[in-house]
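**Student:** What follows is a predicted protein model with its sequence.
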Amino acid sequence: MKVAVVGATGMVGSVMLKVLEERNFPLTELIPVASERSVGKKVKFADKEFEVVGLETAVSMKPEIAIFSAGGDTSLEWAPKFAEVGTTVIDNSSAWRMNPDNKLVIPEINANLLTRTDKVIANPNCSTIQLLMALKPLHDAFGIKRVVVSTYQSITGTGVKAVQQLENEYAGENGEMAYPYPIHKNALPHCDVFQENGYTKEEMKLSNETKKILGDDSVNVTATAIRIPVVGGHSESVNIEFNKDFDEADVRKILSDFPGITVQDNPAVNTYPMPIYAEGKDDVFVGRIRRDYSQPNTINMWIVADNLRKGAATNAVQIAEYLLENKLL
Ligand code: 11C
């Protein structure tokens with residue numbers, strides 16, 4: 001199994017390499033790919049060094065799988081070129097997600113949709129993945145009518161420039177700004193770019209991607225996405241209105257039984273999910289589960305996950321594992 005990692009020198013790309021290694025993905029050849037200025041650099045994988053190649057070289061090597069995390073423009077241009085030589089692309093950008101011909105996949109939820117003809121498969125947005133991991137089993141059990149979500153997103157979602165901005169501000173130094181305002185000691189109600197409707201692209205992703213992944217346009221999501229000076233992962237305060245009443249104990253059991261979810265919920269001893277504990281882990285953590293007494297059939301919860309892992313790299317590698325296990329390559 002020849003695997004290309006496109007964007008291998010980037011923040012998500014390096015987590016992709018780590019996750020492939022940790023999960024012992026059965027690759028026979030690793031092809032780290034990056035932009036021309038990184039060609040010739042070395043990346044480490046399984047105690048060996050691999051030389052970074054350019055996109056054209058990588059296509060000519062005809063990998064079975066290419067996992068992309070190199071931005072939407074690179075995906076739009078290069079994913080079809082890989083697909084043409086028979087490579088299955090798993091793309092972490094937003095470029096293909098809402099295209100009706102491309103599947104948008106969280107393996108625990110809808111990998112069963114994948115077939116051998118899917119050559120460009122989209123990995124959902126990080127804040128969508130962790131939300132949907134909790135919504136899916138609850139939707140199956142009670143039917144979800146409406147979700148109100150406020151996110152508290154890690155600066156790693158923006159990339160290395162944002163991490164540098166926080167470090168500079170923390171150290172009291174000037175430097176390049178990833179955000180229009182300081183992020184240290186601040187909260188920005190602004191993730192990704194504003195749209196004409198007053199929402200940001202990140203907020204619209206939460207609403208649109210949810211409908212596509214659940215395959216149900218009746219599930220309405222309204223979102224406010226906030227950037228906070230946190231590194232370990234994204235957090236979400238989520239209010240869910242069901243079509244019918246529920247038992248709180250059943251909600252806890254349903255979430256605990258779902259693969260990839262860990263319930264951390266014991267207020268008596270201050271147990272609840274937090275990004276400092278989610279960092280470096282693959283699970284999605286759910287806590288603060290409690291009935292919303294302000295209206296019927298409604299529950300509140302708090303969902304935290306490492307946005308670079310289950311929100312990006314781990315989900316992509318799980319898709320690759322599914323394709324392999326089900327002989328879909
Ligand atoms: C953030 N969710 O935290 C973004 C990062 O559409 O894949 C990932 C953007 C995307 O800012």
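**Tutor:** Done, it's in. Nothing here was measured: the structure is a model prediction, and the numbers come from that model.
**Student:** CA atoms for contacts and neighbours, from now on please.
**Tutor:** Noted.
**Student:** Just the closest residue of this protein to the ligand, please.
**Tutor:** The chain approaches the ligand most closely through Gly157 (3.3 Å), counting by CA to the nearest ligand atom.
**Student:** Spit out the contact partners of the closest residue to that residue other than its chain neighbours.
**Tutor:** Nearest non-adjacent residue to Gly157, counting by CA to CA, 6 or more residues apart in numbering: Asn307, 6.9 Å away. Asn307 makes contact with 126-127, 154, 156-157, 232-234, according to CA atoms under 8 Å, 6 or more residues apart in numbering.
**Student:** Those in strands, which ones?
**Tutor:** His234 (DSSP state E).
**Student:** what's the nearest residue to Arg309 if we skip its chain neighbours?
**Tutor:** Here the residue nearest Arg309, using CA to CA, 6+ apart, is Asp282, at 5.8 Å.
**Student:** is it true that that neighbour touches Ala313?
**Tutor:** No: with contact defined as CA atoms under 8 Å, Asp282 does not reach Ala313; the gap is 9.4 Å.
**Student:** Out of those two, name the residue with the larger neighbour count.
**Tutor:** Shown here are Asp282 and Ala313; by other CA atoms under 10 Å, Ala313 has more neighbours (29 against 20).
**Student:** quick one, what contacts the nearest residue to that one once chain neighbours are set aside?
**Tutor:** Of all residues not flanking Ala313 in the chain, Met16 sits nearest, at 4.8 Å (CA to CA, 6+ apart). Going by CA under 8 Å, 6+ apart, Met16 touches 5, 8, 313-314, 317.
**Student:** one more time with 10 Å, if that's ok
**Tutor:** By CA atoms under 10 Å, 6 or more residues apart in numbering, the contact set of Met16 is 5-8, 10, 22, 67-69, 308-309, 312-317.
**Student:** hmm, which of those are the buried ones?
**Tutor:** Among the contacts of Met16, those classed as buried by 16 or more other CA atoms under 10 Å are 5-8, 67-69, 308-309, 312-317.
**Student:** For Ile299, name its beta-bridge partners.
**Tutor:** Ile240, Arg291 (DSSP bridges).
**Student:** same check, this time on the one 5 residues further on
**Tutor:** Legend: beta-bridge partners of Val304 under DSSP bridges are Ser235, Phe285.
**Student:** number of nearby residues for it?
**Tutor:** If you count neighbours by other CA under 10 Å, Val304 ends up with 30.
**Student:** so it touches Arg288, yeah?
**Tutor:** No: using CA atoms under 10 Å, Val304 is not in contact with Arg288, being 11.1 Å away.
**Student:** Find residues that contact each of those two.
**Tutor:** Contacts common to Val304 and Arg288, judged by CA under 10 Å, 6+ apart, are 237, 272-273.
**Student:** got CSV for the residues you listed, with distance to the ligand too?
**Tutor:** Shown next, in CSV, are the shared contacts of Val304 and Arg288 (distance: CA to the nearest ligand atom, whole Å):
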residue, distance to the ligand
Ser237, 15
Tyr272, 22
Pro273, 18
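**Student:** Adding distance to Thr57, neighbour count and secondary structure, write those residues out as a markdown table.
**Tutor:** A markdown table is the format used below for these (distance: CA to CA, whole Å; neighbours: other CA atoms under 10 Å; DSSP: H, G, I helix; E, B strand; the rest coil):
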| residue | distance to Thr57 | neighbour count | secondary structure |
| --- | --- | --- | --- |
| Ser237 | 44 | 18 | strand |
| Tyr272 | 47 | 19 | coil |
| Pro273 | 43 | 22 | coil |
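**Student:** among the contacts of Asn307, which are in helices?
**Tutor:** The members of the contacts of Asn307 that map onto helices under DSSP state H are 126-127.
**Student:** can the contacts of Asn307 go into TSV with extra columns for neighbour count and pLDDT?
**Tutor:** Putting those into TSV (neighbours: other CA atoms under 10 Å; pLDDT from 0 to 100) gives the following:
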residue	neighbour count	pLDDT
Cys126	26	98
Ser127	29	98
Ser154	24	98
Thr156	22	98
Gly157	25	98
Gly232	23	93
Gly233	29	98
His234	30	98
